[in-house]
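Q: Pasting the sequence and the predicted coordinates here, then a few questions.
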Amino acid sequence: MNTEEQAMLELARSWAPYGGARPGVILVQFGMSPAGFYANITRILHTNAAAWNMPIAERHRIGEIAARYSTQPASV
């Protein structure tokens, strides 16, 4: 996992208890929309061995948040 992926996962982990990172935080830290951020989080959770060492409940919670953002329409 590269440095940016680690930072993304840490942000997702820290905001998971609150329903996910706020769009403004994601934009400032990573320069992307929540949909793009959570698409990356989903990829990291499914393809990175370091993420597999996270507690399963935490991975599941972050995965649920990511799925919710991927199904929301873009706000105007």
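A: Ah, there it is.
Q: And the contacts of stretch 13-22?
A: For stretch 13-22, the surrounding residues in contact (Cβ atoms under 8 Å, 6 or more residues apart in numbering) are 11-12, 25, 34, 37-38, 54, 58, 61-62, 65, 68-69. Using the backbone N, CA and C atoms, a C-beta is placed for each residue, glycine as well.
Q: Now it - C-alpha only, PDB.
A: Coordinates of the C-alpha atoms in stretch 13-22 are reproduced here as PDB (Å, rounded to 0.1, in the frame of the first residue of the first chain):
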ATOM      1  CA  ARG A  13     -11.200   4.500   9.500                       C
ATOM      2  CA  SER A  14     -11.200   7.700  11.600                       C
ATOM      3  CA  TRP A  15     -14.600   8.900  10.100                       C
ATOM      4  CA  ALA A  16     -16.300   5.500  10.000                       C
ATOM      5  CA  PRO A  17     -18.000   5.900  13.400                       C
ATOM      6  CA  TYR A  18     -19.600   9.100  12.200                       C
ATOM      7  CA  GLY A  19     -21.000   7.700   8.900                       C
ATOM      8  CA  GLY A  20     -18.000   8.500   6.700                       C
ATOM      9  CA  ALA A  21     -15.700  11.400   5.900                       C
ATOM     10  CA  ARG A  22     -17.300  14.700   5.000                       C
END
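Q: tell me what the longest helix seen in the chain is packed against?
A: Counting residues, the longest helix found in the chain (DSSP state H) is helix 56-71. With contacts taken as 3 or more Cβ pairs under 8 Å, 6 or more residues apart in numbering; DSSP states H and E, helix 56-71 sits against helix 3-15, helix 34-47.
Q: Pull out the buried positions in the last one.
A: Residues 34-35, 37-38, 40-42, 44-45 are the ones in helix 34-47 that count as buried (16 or more other Cβ atoms under 10 Å).
Q: Let me know the closest of these to residue 3.
A: Checking the buried residues of helix 34-47 against residue 3 by Cβ to Cβ gives residue 44 as the nearest, at 12.6 Å.
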